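> coords please:
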Amino acid sequence: MVAYIANTLIFILSGVVIVEGVLGDDSVFHHGTSWTHLLLLYVYVQVSKCIVVGALFPLLRYFGYGLDWKEASILIWSGLRGAVALSLSLSVKRSSGRSLELTPETGTLFIFFTGGIVFLTLIVNGSTTQFVLHYLDMDKLTAAKGRESWMLSRQ
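Next up, the predicted model:
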């Protein structure tokens, strides 16, 4: 319960900081290039997940319980982005303005891009994972799980 409340507070706080940055800083979001960069960054994150899982697939397949290509596809598509990234971006935003390299505008962009990636991942990837599972025929119970649920329902 505490983790749920903390997670909710992080998302609310991040949303407030992002809205304050977007509405209060015309110099950063004036021409709309930040929105284009956010979409390109989302595509980059998806491609980088493909590259990392693809490069490590032989190790993931060999060690542990053995990852097959369907599970690797779900790992790529439904990887989480959330509270940890937002917490770190809030920390960067709080530290911005204290040095020449990390200006307040950079802190605002940092939290905007992080929040945007979290939002797009939740909306696009999260809402379509069920369809990807169905397409890969992974939404059915295995025979062992089917027997287990049948036996539990009989008790």
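> low-confidence ranges in this protein?
Within the chain, the ranges that satisfy pLDDT under 70 run 25-31, 80-81, 142-155.
> right, and the helix or strand after the longest helix anywhere in it?
Secondary structure assigned by DSSP state H gives helix 33-62 as the longest helix of the chain. Next helix or strand after helix 33-62 toward the C-terminus (DSSP states H and E): helix 69-77.
> buried ones in that following helix?
71-73, 75-77 (16 or more other Cβ atoms under 10 Å). (C-beta placed from N, C-alpha, C; glycine too.)
> columns distance to Val43 on top of these, output as CSV?
Listed next are those as CSV, based on distance: Cβ to Cβ, whole Å:
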residue, distance to Val43
Glu71, 23
Ala72, 19
Ser73, 17
Leu75, 18
Ile76, 13
Trp77, 14
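> report all helices and strands that the helix or strand containing Val16 contacts.
Assigned by DSSP H and E, Val16 falls within helix 2-24. With contacts taken as 3 or more Cβ pairs under 8 Å, 6 or more residues apart in numbering; DSSP states H and E, helix 2-24 sits against helix 83-95, helix 104-120.
> what's near enough to touch Met138?
Contacts for Met138 were tallied using Cβ atoms under 8 Å, 6 or more residues apart in numbering; they are 70-71, 74.
> I misspoke; the intended subject was Leu9.
So Leu9 contacts nothing (Cβ under 8 Å, 6+ apart).
> what about it, distance to Leu86?
Between Leu9 and Leu86 the computed distance is 10 Å (Cβ to Cβ, to the nearest Å).
> ditto for Val52
For Val52, the distance to Leu86 - Cβ to Cβ - is 21 Å.
> and those two? Which one has more around it.
Leu86 (23 against 13; other Cβ atoms under 10 Å).
> what residues are up against Trp69?
Phe57.
> does the closest residue in space to Glu71 that isn't next to it in sequence sit in a helix, a strand or a coil?
Once flanking residues are discounted, Glu71 sits nearest to Met138: 7.9 Å by Cβ to Cβ, 6 or more residues apart in numbering. Using DSSP: H, G, I helix; E, B strand; the rest coil, the three-state assignment for Met138 comes out as coil.
> any idea how far Leu67 is from Met138?
For Met138, the distance to Leu67 - Cβ to Cβ - is 13 Å.
> what count of nearby residues applies to Val124?
13.
> quick check: closest non-adjacent residue to it.
Here the residue nearest Val124, using Cβ to Cβ, 6+ apart, is Tyr42, at 7.9 Å.
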